[in-house]
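**Q** Got a predicted model here, sequence first, then my questions.
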Amino acid sequence: MSELTDGLARLDGEGDEETRADAAEVLGEIGGAEAVAALTQAISDSALVVRISAALALGEAHGHAGIEALTALLSAPEVGLRGASVIALGQIASRQSVVDLLPLAGDIEPSVRGAVAWSLGALGDVRAWEALERLAADPDPDVADAAREALARMEAE
């Protein structure tokens, strides 16, 4: 059985949630249309750990076909899922995501704001400059550092 076929089978309900989460990670490393399609479906899994792994794997796979599904997760009540979706959108590097990420610069959770700073910096779009400047003054030092790094990266480009 190929690694792709094995990963697809494990993600499709075979095994416990940790097995499915591991399968999502493998599919993210493999990439390709079939893996991205399976990961896009997996972000609706009943287990949070699988949904988070699938979101991160979509980013790793640069799964442009998953952008709409990831964008829908930006309003998820689970902090980990919001953060994973933010990171994935930054990895996919579609500048259309900038507008969707900007409101999360004011998220109540520092981990999400930090992820937003990283992703906006990765996207390198000037529309993010003002939000990154605000995040550079964030009371959470990790968020502020991430924003300053993002601004420096954008200035260097």
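**A** On my side now, so go ahead.
**Q** how about low-confidence regions in the protein?
**A** 1-10, 12-14 (pLDDT under 70).
**Q** Quick test: name the residue nearest the centre of it.
**A** Ala88 (2.2 Å; C-alpha atoms, centre = their mean).
**Q** Skipping its backbone neighbours, what lies nearest that residue in space?
**A** Gly59 (3.0 Å; C-beta to C-beta, 6 or more residues apart in numbering). For glycine as for every other residue, the C-beta is placed from the backbone atoms N, C-alpha and C.
**Q** quick one, what contacts the one you found?
**A** With contact set as C-beta atoms under 8 Å, 6 or more residues apart in numbering, Gly59 has these partners: Gly28, Leu70, Ala84, Ile87, Ala88, Leu89, Gly90, Gln91, Ile92.
**Q** The residue nearest to the centre of the chain and Leu58 touch, don't they?
**A** Yes: counting by C-beta atoms under 8 Å, Leu58 is a contact partner of Ala88 at 5.0 Å.
**Q** Now do the shared contacts for these two.
**A** Gly66, Leu70.
**Q** what residues go with each domain of the protein?
**A** 1-65, 93-157 (automatic domain parsing).
**Q** May I see those domains organised as a markdown table, with distance to Pro77 added?
**A** Output for the domains of the chain, formatted as a markdown table (distance: least, C-beta to C-beta, whole Å):
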| stretch | distance to Pro77 |
| --- | --- |
| domain 1-65 | 10 |
| domain 93-157 | 11 |
